[in-house]
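structure, please.
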Amino acid sequence: VIGQGALRLHRAYTVMLFGSMLSVLMQKTKVAENLIKKGAELSGDNPWIIAVMMLFLISLLFTTLGGLGAIIMVATIVLPIMTSVGIGPLTVVGVFLFGLSIGGILNAGNWAVYVDVMKLPVEEIRSFALLMFALAFMTALVYITVQLYKDGHDLNLKKIISYSMGFIILALALFYLLNRSGFTKKPAIQHILSMLNTGFKYGIGLLLGGLFLYNVIRMFRKKSPDTSVHWSAFLSPVLPLFLILLYSMDFIAAFICGLIYALVATWKKGSLNVFIKSILEGGAVVMPALVMMLGIGMLLNAIIGPGGEWNAMHPEGWPVLNVLRPLMMAITPQTPLGFVLIFTLAAPLALYRGPLNVWGMGYGIAAVFLASGMPAGAVMGVLLAVGQVQGISDPTNTHNVWLANEMQQDVQKVLWNTLPYTWSVAVVGLIAASLIFY
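Presented below is the predicted three-dimensional model:
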């Protein structure tokens, strides 16, 4: 349990380690800071546009960034920008938390756990994560609109609603066309789509390769120290995600590519020292989460057993799992409707380090459901959907406490302000998971 359990999630926490290195490098080279400032400059002084732009940029950054240090660094830039245009303090906290959690959905470091524990292919994780990203982002837009209206801002609701409905209708039409209508199953259409997909991948690959070569040439041609961040460096936070989404690259290899690209794109005197410091500090920053994952691995082994050779030598199975399996099979939903109803009602159990909290018993409970016959994709759907309740609303999150304190808000008030929206995301996510995996 202890020895093998500590190594059970070795792939997941190794990916997390490399992701943390890139996160620290983004902070030290001021790429994250300048990306936020550029976004604010382009947004003008419209509160709704600024809130949406900040939401998008925070989401973008936290596909790579992680840890309380990165949150504080981004927040010290974002919070004053939003408050300066009259956005209320509670709304500011909510927007930041939504962006943080939405970015986490596409954080490849988080996906590694689903690969390790549930043995899911990256393609399956990717498609559902993108769907959850879209659902959570649309819910965040509703949150921003409602909160700004409550704050007393004069919003052009007709325009916002018409644009939003147009986007939703277009998205649903594309989904139906590509997945339900049978249009894409025609051989000629499949051939055209395959050619377009291949061409798109080659085009993006050439663009990324060209940008890298351009930065290498720029690095060697520099005559004087340049303190500004070059525009090409803004690709650094999302490069690993692009490589994983488009080319199914190995997670660790993708983060190493991101580190090398960021080093070249931000090169100046002393950059190598900053790079080495980022690698060393990245390990220190992620250590609390890594230790937590060591504990989660031990918990998994304690509940479902070490597997492998042990199972081969003991065909009767792991004693703890044998005791739990009848109970879990009795409550494991057998129908899509039962799945949605049970986990909708159980969603608040992700709060206060409850049993559905992924940084507590969540992965252990998930492993037991998996062993009880629930489809692996459905288990992932539960954790990703219900995880939004925990990631945004949980008052025991250190980032919730820090943000609420910084904006002089009660952390419980943040919980009740965001819970209707996060619970809604969870419900819609569970419905989507039931349709896809059951």
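
can you count the residues close to residue 2?
Per other Cβ atoms under 10 Å, the neighbour tally for residue 2 reads 10. (Each C-beta comes from the backbone N, C-alpha and C, glycine too.)

and if you look at residue 200?
Around residue 200 there are 11 residues (other Cβ under 10 Å).

repeat for the one 10 residues further on
Using other Cβ under 10 Å, residue 210 has 10 neighbouring residues.

mind checking pLDDT for it?
As predicted, residue 210 sits at a pLDDT of 89.

mind giving me the packing neighbours of the host helix or strand of it?
Element membership for residue 210 (DSSP states H and E) is helix 187-221. The elements that helix 187-221 packs onto, with contact taken as 3 or more Cβ pairs under 8 Å, 6 or more residues apart in numbering; DSSP states H and E, are helix 239-247, helix 251-265.

OK, contacts around residue 201?
When contacts are counted by Cβ atoms under 8 Å, 6 or more residues apart in numbering, residue 201 touches 246-247.

ok, now with 6 Å
By Cβ atoms under 6 Å, 6 or more residues apart in numbering, the residues touching residue 201 are residue 246.

which of the helices and strands packed on helix 187-221 comes out lowest on mean pLDDT?
Minimum mean pLDDT among these: helix 239-247, a mean of 81.

and the contacts of that helix?
63, 106, 108, 201, 249, 254-255, 257-258, 261.

nearest to residue 152, of the helices and strands packed on helix 187-221?
Taking Cβ to Cβ, helix 239-247 is the member of the helices and strands packed on helix 187-221 nearest to residue 152, at 37.5 Å.

for the closest one, which positions count as buried?
For helix 239-247, the buried set under the neighbour-count rule, 16 or more other Cβ atoms under 10 Å, comprises 239-245.

swap in stretch 77-88?
By 16+ other Cβ under 10 Å, the buried positions in stretch 77-88 come out as 77-79, 81-82, 85, 87-88.

quick revisit: now the angle between helix 251-265 and the helix holding residue 210, please.
When axes from the mean of the first three to the mean of the last three Cα atoms, to 10 degrees is applied, the directions of helix 187-221 and helix 251-265 differ by 40 degrees.

not counting its neighbours along the chain, what's nearest residue 18?
Spatial nearest neighbour of residue 18, chain neighbours left out: residue 255 (3.9 Å); criterion: Cβ to Cβ, 6 or more residues apart in numbering.

the one you found against residue 17, yeah?
No. Between residue 255 and residue 17 there is no contact under Cβ atoms under 6 Å: 8.9 Å.

more neighbours, these two?
residue 255 (28 against 20).
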